[in-house]
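> fold the following.
(chains A and B)
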Amino acid sequence: KAGVTQTPRYLIKTRGQQVTLSCSPISGHRSVSWYQQTPGQGLQFLFEYFSETQRNKGNFPGRFSGRQFSNSRSEMNVSTLELGDSALYLCASSLDRLAGGSTGELFFGEGSRLTVL
Amino acid sequence: GNSVTQMEGPVTLSEEAFLTINCTYTATGYPSLFWYVQYPGEGLQLLLKATKADDKGSNKGFEATYRKETTSFHLEKGSVQVSDSAVYFCAFLGTGGSYIPTFGRGTSLIVHP
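All right, here's what the predicted structure looks like:
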């Protein structure tokens, strides 16, 4: 079956602009998580959505937001971009742990690489 | 609080050398433990996992054993290949209803021919 799909793969923005990234999870996965990956900070958790509700949130400013649609597809938005937002943004989907047989494994997309100039 | 500590990289080896990447965790209870791998230009993918003490996860020649007494999950491979060059992440998922794994900072492995 198809894996996690993220679009766009690469994008360049300037400071002050906003950006929206999209993630389509594996069919049947209702949990979608977002991560920011940078060389200096490693992999940092942004937020997790399940059944259109934000269930967990990392320690990021309010400029970072997300949502999930009824088909489990998710988007994240970053407003008023700063140079420090340049990063690889990874989306991951998973079966819910309350679902039988799930051990919490995450399935990652290839990421959206954002460059802020 | 919960945390994962991995050895810092990069780890540089010659082909066919033995690999160990250390990982220790701090968590309550009996978490599930994972190793993920990220090849250049790609997202992370699960390499192996273990869900209870003394379990050994294995895949593609890599192994890691869940050591509850030392809270460790070290990754090993007997003979690395150039194609193993990647970043390796140790992670755990707690038992307290958390849905979010805690990741280590990653260890870069570079294998030379």
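
> kindly state the beta-bridge partners for the residue in chain A that chain B sits nearest to.
At 3.6 Å from chain B, A:Phe108 is the closest residue in chain A, using Cβ to the nearest Cβ. Glycine gets a C-beta too; all of them are placed from N, C-alpha and C. As for beta bridges, A:Phe108 partners with A:Ala92 under DSSP bridges.

> then A:Tyr35?
Following DSSP bridges, A:Tyr35 is listed with bridge partners A:Phe45, A:Leu90.

> can you show me the strands along the chain?
Answering for chain A, as no chain was given. Secondary structure of chain A (DSSP state E): strands located at A:5-7, A:10-13, A:19-24, A:31-38, A:42-50, A:53-57, A:64-68, A:74-78, A:87-94, A:107-108, A:112-116.

> my bad, the chain I had in mind was chain B
B:3-6, B:11-14, B:19-21, B:23-26, B:32-38, B:44-50, B:56-59, B:62-65, B:75-77, B:86-93, B:102-103, B:107-112.

> mean neighbour count, mean pLDDT and distance to chain A for those - can I get that in TSV?
Below are these laid out as TSV (neighbours: other Cβ atoms under 10 Å in any protein chain shown; pLDDT from 0 to 100; distance: least, Cβ to the nearest Cβ, whole Å):
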stretch	mean neighbour count	mean pLDDT	distance to chain A
strand B:3-6	18	92	10
strand B:11-14	14	97	16
strand B:19-21	18	97	15
strand B:23-26	18	94	14
strand B:32-38	24	95	5
strand B:44-50	21	95	4
strand B:56-59	14	96	11
strand B:62-65	20	98	15
strand B:75-77	20	98	16
strand B:86-93	25	94	4
strand B:102-103	20	90	5
strand B:107-112	16	96	10
